[in-house]
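# coords below, sequence missing:
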Ligand code: MG
Ligand code: MG
């Protein structure tokens with residue numbers, strides 16, 4: 001069942017979403033060659049906790065980190081470690097925060113120093129694919145319209161669309177109904193209603209769409225080792241459109 005949030009719940013989700021957006025803003029300046037992903041995680045943890053929230057992903061399904069840090073060919077669920085960022089890497093920070101029981105969730109892929117043209121293209125068009133998907137959201141549209149818009153845009157730009165991982169409803173649970181795939185058909189799936197809150201999150205690749213899991217049982221990588229990017233916002237469906245709750 002897809003829940004419709006009350007005004008009170010929406011207020012809490014706005015607060016949670018703002019903390020997530022602000023955490024991204026705060027971390028941006030630290031994303032440089034030489035910093036470890038563990039250090040970025042610590043900074044994120046301290047920031048979230050100092051704003052009366054808790055990191056949503058810590059111990060979620062047993063995940064060992066406070067945020068996910070995924071580098072280059074890693075698509076999602078990278079575990080913070082002593083690995084140092086290098087010039088030319090891209091890194092996705094997937095950040096969730098829980099404020100008074102309600103969650104915000106946003107992933108963003110960042111360039112570390114100067115990146116090559118292939119990665120630049122991937123970042124530019126994966127971010128654009130997110131907004132392409134968001135642009136069709138309003139009360140009364142089918143969820144499949146959102147999925148279709150993302151897939152169409154990604155394919156027009158020759159990017160791989162990861163299918164094994166999807167966006168999701170969000171509220172007092174990080175992952176709620178419905179699934180929000182990044183591929184699909186128009187006029188299919190549930191109908192969006194004002195007051196629903198969903199996380200839309202295209203995960204696109206420079207190569208093929210196929211992924212594999214590393215031996216750490218968490219990190220998902222592209223099978224062909226091509227880079228992957230991931231842009232995500234938590235949004236509120238409104239009568240005429242949508243409101244981004246995780247704005248930075
Ligand atoms: Mg996320
Ligand atoms: Mg998410």
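Great, that's in hand. Note that the coordinates shown come from a computational prediction; the quantities given were computed from them, not determined experimentally. Ligands and ions are numbered 1, 2, ... in the order given.
# so residue 79 is in which element?
Using DSSP states H and E, residue 79 sits within no helix or strand.
# residues touching it, list them.
63, 64, 65, 68, 69, 216, 218, 219 (CB atoms under 8 Å, 6 or more residues apart in numbering). Just so you know, the C-beta spots here come from the backbone N, C-alpha and C atoms, and that holds for glycine as well.
# Next to ligand 2, which bits of this protein? Give me the list.
By CB under 5 Å from the ion, the residues of the chain that approach ligand 2 are 105, 199.
# Got a quick ChimeraX command for the buried subset of the contacts of residue 79?
A single ChimeraX command selects the buried members of those (16 or more other CB atoms under 10 Å):
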select :63,65,68,69,218,219
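# Kindly indicate which of the contacts of residue 79 lies nearest ligand 2.
residue 68 (9.7 Å; CB to the ion).
# beta partners of the closest one?
Applying DSSP bridges to residue 68 gives these bridge partners: residue 94.
# My guess is it contacts residue 78. True?
Yes: with contact defined as CB atoms under 8 Å, residue 68 reaches residue 78; the gap is 5.6 Å.
# can you put the contacts of residue 79 in TSV and add distance to ligand 1?
Formatted as TSV, these follow (distance: CB to the ion, whole Å):
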residue	distance to ligand 1
63	11
64	16
65	13
68	7
69	12
216	19
218	14
219	15
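# In helices, which of the contacts of residue 79 fall?
Nothing among these maps onto helices, per DSSP state H.
# Just the contacts of residue 79: which are in strands?
The strands in this structure, assigned by DSSP state E, contain 68, 69 from the contacts of residue 79.
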